[in-house]
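1. Please find the sequence and the predicted model below.
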Amino acid sequence: MTQDELKALVGQAALAYVVPGSIVGVGTGSTVNCFIDALATMKDQIAGAVSSSIKSTERLKAHGIPVLDSNEVTAIPVYIDGADEIDHHGYMVKGGGAALTREKIVADLAERFICIADESKLVDVMGAFPLPVEVIPMAASQVIRRFASQYGGQASIRAGVTTDNGNVIVDVRGLQISDPLAMENEVNQWPGVVTVGIFGHHKARVCLLGTSQGVRTLNF
Ligand SMILES: O=C[C@H](O)[C@H](O)[C@H](O)COP(=O)(O)O
């Protein structure tokens, strides 16, 4: 199966986790696009969606799925999103599509994070995928230097990208994220950091992994 077919497979499988009558939290990315397209087939059975990016909002609306302002919503049963890496504890690196801050906000509203990904995303130790960090532009150089001195990471600003919140993304290479919670706590304290792309405190409770043998379900 191709990677696109694996994404379509898990996008479809995630429908089983949608609670009828509820508001669904919707992530961002190519895997989530498959989920949004599948969700359209049951749009009359849900109360709407809370979206984590302008791109996902546009796709949801194109399907006629109502998108609610996150400020109008106090809780949702599930948040469904992809990941750039996921480890065997359900911790994730996210932000390859620059949507990490809004993703964490919507994930925080949810009782359960359901991660959908193809099998290439499952890793023993995260860090091979450059860690995305959303940073207020005036702090970018400081954050880059701090990654080098504190973690030995090589960081750079992602060229040509401005987030939905008007900030830059700093991508950090050369990390071994052996203690995701500690690194998330630490980096989130640095002035100018809006969100680090480690989802440790908002980890996946379920991961639907697309494999050539079918969907493998991991519970954390
Ligand atoms: O900012 C983007 C998100 O964190 C995505 O969920 C992540 O990059 C995975 O995207 P994709 O499904 O396209 O691999």
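-> Right, received. Where do you want to start? Residues are numbered from 1 along each chain as shown.
2. Give the full set of residues in contact with residue 132.
-> 84, 93, 94, 95, 96, 98, 100, 158, 169, 170, 171, 197 (CB atoms under 8 Å, 6 or more residues apart in numbering). Using the backbone N, CA and C atoms, a C-beta is placed for each residue, glycine as well.
3. Can you lay out those residues as a markdown table showing distance to residue 53 and neighbour count?
-> Shown next, in a markdown table, are the contacts of residue 132 (distance: CB to CB, whole Å; neighbours: other CB atoms under 10 Å):
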| residue | distance to residue 53 | neighbour count |
| --- | --- | --- |
| 84 | 15 | 22 |
| 93 | 17 | 28 |
| 94 | 12 | 30 |
| 95 | 11 | 30 |
| 96 | 12 | 21 |
| 98 | 8 | 23 |
| 100 | 10 | 28 |
| 158 | 15 | 17 |
| 169 | 13 | 25 |
| 170 | 19 | 26 |
| 171 | 18 | 21 |
| 197 | 14 | 31 |
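4. want to try TSV for those residues, with secondary structure, distance to the ligand and pLDDT as columns?
-> Formatted as TSV, the contacts of residue 132 follow (DSSP: H, G, I helix; E, B strand; the rest coil; distance: CB to the nearest ligand atom, whole Å; pLDDT from 0 to 100):
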residue	secondary structure	distance to the ligand	pLDDT
84	coil	5	98
93	strand	8	98
94	coil	3	98
95	coil	5	98
96	coil	3	98
98	coil	5	98
100	helix	5	98
158	coil	11	98
169	strand	9	98
170	strand	14	98
171	strand	12	98
197	coil	7	98
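5. all strands in the protein, in order from the N-terminus.
-> For the chain, strands defined by DSSP state E occupy the ranges 23-26, 48-51, 67-68, 76-81, 85-86, 92-93, 110-118, 131-135, 154-157, 168-173, 193-196, 198-199, 206-211, 214-219.
6. if we can go back for a sec, ok, the contacts of residue 132 vs residue 114, which is closest?
-> residue 94 (13.6 Å; CB to CB).
7. Next up, phi/psi of that closest one, please.
-> Dihedral angles of residue 94 (phi, psi; degrees, to the nearest 10) stand at phi -140, psi 160.
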